[in-house]
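Student: Model the structure of this input:
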Amino acid sequence: MRRAARAPTAGLLLLALAEGAARLLHQPPPVRRVYDPFAFRIPEPDLDDSFRTPAGETVRVRLNELGLRGPRLAEPVAPGTLTLVFLGGSAVENYGWNEADTFPVLAGAELARRLGRPARVFNGGMSGAVSATSLARLQHQVLDLRPDLVVVMDGINDLLGGFHPGYRPDGRHLRPPPVAG
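Tutor: Have a look, this model is predicted:
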């Protein structure tokens with residue numbers, strides 16, 4: 001009777017060990033981030049990257065501690081400042097553009113001008129993102145910012161199913177955010 005009970009338990013233990021070993025051994029190599037509009041990138045908190053476009057222009061991409069383009073969270077915020085967050089795919093990310101030239105920054109500057117209030121803009125665009133990714137980022141990275149406005153531009157990647165085989169439509173590929181205070 002004991003041997004019969006041990007066999008399934010031992011089998012499950014071996015499967016669990018094999019799964020753990022596979023996860024430890026399958027670490028993708030680090031990728032040098034270069035501009036490729038169809039490349040799949042997971043936003044890396046505190047990323048500071050620069051590259052040359054085919055036209056020879058140097059582009060610098062800096063992400064804050066949440067993995068969003070925009071101000072650091074510790075920067076002081078003037079009273080009355082609007083907090084705007086943009087989520088979506090590559091049309092929002094604008095990875096190949098300097099931050100000042102991205103759609104979210106330009107839209108935020110125009111909104112601030114029209115309303116007569118300062119605005120801080122966070123760009124949470126990510127190439128290949130689908131609507132489930134934006135929902136996950138909203139829940140895990142954006143809500144603690146207490147935004148006044150969230151703009152979501154999704155759709156085409158939902159039709160394409162993402163660009164990368166490691167992409168998780170449920171958003172589980174995102175890194176956990178820092179502990180919210």
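Student: List the residue ranges of this protein that fall below the pLDDT cut-off.
Tutor: 1-8, 22-24, 26-43, 160-181 (pLDDT under 70).
Student: Apply 80 and report the result again.
Tutor: By pLDDT under 80, the weakly predicted segments of the chain are 1-44, 53, 128, 140, 156-181.
Student: would you list every one of the helices in it?
Tutor: Shown for the chain, the helices assigned by DSSP state H span residues 2-25, 90-93, 103-115, 131-137, 156-160.
Student: which one of the ones you listed lies closest to Pro45?
Tutor: helix 131-137 (12.6 Å; C-beta to C-beta). Just so you know, the C-beta spots here come from the backbone N, C-alpha and C atoms, and that holds for glycine as well.
Student: For Ser50, which of the helices of the chain is the nearest?
Tutor: Here helix 90-93 is closest among the helices of the chain (C-beta to C-beta), at 16.0 Å.
Student: Counting by contacts, list what that closest one packs against.
Tutor: If contacts are counted by 3 or more C-beta pairs under 8 Å, 6 or more residues apart in numbering; DSSP states H and E, helix 90-93 sits against helix 103-115, strand 119-125, strand 149-153.
Student: picking that back up, could you dump the helices of the chain to a markdown table with mean neighbour count and distance to Asp144?
Tutor: Putting the helices of the chain into a markdown table (neighbours: other C-beta atoms under 10 Å; distance: least, C-beta to C-beta, whole Å) gives the following:
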| stretch | mean neighbour count | distance to Asp144 |
| --- | --- | --- |
| helix 2-25 | 9 | 29 |
| helix 90-93 | 22 | 20 |
| helix 103-115 | 16 | 19 |
| helix 131-137 | 21 | 12 |
| helix 156-160 | 14 | 25 |
